[in-house]
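Student: sequence first, predicted coordinates after that:
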Amino acid sequence: MSKKETNCCEKFKTKIGGQALIEGIMMRGPENDAIVVRGAGGLTVEVKPRKLNPPHSIKSWPFIRGVFNFFDAQVVGVKALLRSVDLAPEEMQEEPSRLDKWLEEKLDSETFQKVIVGLAVAMGLGLSIGLFFLLPMVIGGFFDRWLSSNLTLNLLEGAIRMAIFLVYMGLISRMGEMKRVFAYHGAEHKTIRCYEAGLPLTVENVRKQTRLHPRCGTSFLLVVMVISILVYAVASSVLLAVFPGLEEFRGTFGYRMGMVCYKLLLIPLVVAITYEINQWAGRHDNRFTAILTWPGMWLQNFTTNEPDDSMIEVGIAAVEAVLPRQEGADRW
């Protein structure tokens, strides 16, 4: 952390949060979503009302809401990212692929957008599940003939999963094109820190804030890794207790693939539990929540960079665009 950065005391915790884009930031408030991108002609601000769940909807039930909100965030994030590409300066835009051109010729604009978003979400989730869940499970499965303890096996899988995740984050943080995206991520955090400290949203005030924030999506992903170890250990033990005959197949290819499929089906449960933990930690300040959020805060040293003043201006515009009409409606 820079010596000029400060950790101003929070006067409240806000539910406002966002995502870094190509030359911009997407911010989500209690009432509106906003995309702010710096293009050749200056700032472009687009605001859309959020689709809120009706009262007592199943999508608002504890645990169930975590899965719905996770997938909703993926779709909204991909749409915002694609929109930022359209609004970014021309020199940062890539030539459409052959698939994009073919789809655009065959489909109307609305259907084309839905297909592109669907493909992007599917590919993103597929990559994440394959790299951070499927691969560690397959590697760990080769050790099940020697490790009779489910807890030990799941700890090994968790260690492999964490190692892959950290290597992945370390590698992408070194990519030139990602450094500006991570700087916008830093601007997002700094602006929210300034807002939660009750300070006027000026470039000078925002610049002084730390770029690390305990309620970041990076922290959520890290907690997912930890919770998966516990869930998989308990679930594996329950499965073997219900079907003790499976033990005689331990070490076989069919057993390994069966356990991999079983654990993949449990990913929504892992996400749901992690979401509830994240909600609880966001509302409390104590030693336990500090320990819980510290690893994610540390990881943000890789996923955020110091923004320049023009990026901070984007962050300020994004937060101001989603402030609720009633003061305090965004409190966590």
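Tutor: Noted; the coordinates are in hand.
Student: would you put the C-alpha positions of stretch 46-62 in PDB?
Tutor: Listed next in PDB are the C-alpha coordinates belonging to stretch 46-62 (Å, rounded to 0.1, in the frame of the first residue of the first chain):
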ATOM      1  CA  GLU A  46     -25.400   4.600 -19.500                       C
ATOM      2  CA  VAL A  47     -27.900   3.900 -16.600                       C
ATOM      3  CA  LYS A  48     -30.500   1.200 -16.600                       C
ATOM      4  CA  PRO A  49     -33.000   0.300 -13.800                       C
ATOM      5  CA  ARG A  50     -32.300  -3.000 -12.100                       C
ATOM      6  CA  LYS A  51     -34.700  -5.900 -12.300                       C
ATOM      7  CA  LEU A  52     -35.600  -6.500  -8.700                       C
ATOM      8  CA  ASN A  53     -37.100  -9.700  -7.400                       C
ATOM      9  CA  PRO A  54     -40.700  -9.500  -6.300                       C
ATOM     10  CA  PRO A  55     -41.300  -9.700  -2.500                       C
ATOM     11  CA  HIS A  56     -41.100 -13.200  -1.100                       C
ATOM     12  CA  SER A  57     -39.800 -14.500  -4.400                       C
ATOM     13  CA  ILE A  58     -37.900 -17.800  -4.200                       C
ATOM     14  CA  LYS A  59     -34.900 -16.000  -5.600                       C
ATOM     15  CA  SER A  60     -34.700 -14.100  -2.300                       C
ATOM     16  CA  TRP A  61     -34.700 -17.100   0.000                       C
ATOM     17  CA  PRO A  62     -31.500 -17.700   2.000                       C
END
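Student: as a check, name the ranges of all strands in the protein.
Tutor: With DSSP state E applied, the chain shows strands at 17-21, 24-28, 32-39, 42-49, listed in chain order.
Student: what's the first one packed up against?
Tutor: When contacts are defined as 3 or more CB pairs under 8 Å, 6 or more residues apart in numbering; DSSP states H and E, strand 17-21 sits against strand 24-28, helix 64-87, helix 176-196. Every residue, glycine included, has its C-beta placed from N, CA and C.
Student: out of the strands of the chain, deepest packed?
Tutor: When neighbours are counted by mean count of other CB atoms under 10 Å, the highest per-stretch mean among the strands of the chain falls to strand 24-28, a mean of 28.
Student: show me how far that strand is from its chain's centre.
Tutor: Taking CA atoms, centre = their mean, to the nearest Å, the mean C-alpha location of strand 24-28 is offset from the chain mean by 13 Å.
Student: shaky segments in this protein?
Tutor: Under the criterion of pLDDT under 70, the regions of the chain flagged as low confidence span 1-9, 90-97, 99-104, 106, 112.
Student: the longest helix in this protein is where?
Tutor: With DSSP state H setting the assignment, residue counts place helix 217-242 as the longest helix in the chain.
Student: got the buried residues for that helix?
Tutor: Neighbour-count burial for helix 217-242 flags 217-229, 231-233, 235-236, 239 (criterion: 16 or more other CB atoms under 10 Å).
Student: same question for stretch 262-273.
Tutor: Judged by neighbour count (16+ other CB under 10 Å), stretch 262-273 contains these buried residues: K263, L266, I267, L269, V270, V271, A272, I273.
Student: just give me the residue right at the centre of the chain.
Tutor: The residue at the geometric middle of the chain, judged as the C-alpha nearest the mean C-alpha position with CA atoms, centre = their mean, is G217 (3.8 Å).
Student: need the helices for the stretch 201-332 of the chain, in chain order.
Tutor: Along the stretch 201-332 of the chain, the segments classed as helices by DSSP state H, counting those that start in this stretch run 203-207, 217-242, 253-265, 267-283, 287-303, 309-321.
Student: name the helices or strands packed onto the third one?
Tutor: I take that to be helix 253-265. Using 3+ CB pairs under 8 Å, 6+ apart: helix 253-265 touches helix 135-141, helix 217-242.
Student: what's around E247, how many residues?
Tutor: Other residues lying near E247 total 10 when counted by other CB atoms under 10 Å.
Student: mind checking the helices and strands packed on helix 253-265 for the one nearest to I164?
Tutor: Shortest distance between I164 and these, using CB to CB, is found for helix 135-141: 6.5 Å.
Student: give me the contacts around the closest one.
Tutor: Outside helix 135-141, the residues within contact range by CB atoms under 8 Å, 6 or more residues apart in numbering are 153-154, 156-158, 160-161, 164, 256-257, 259-260, 263-264.
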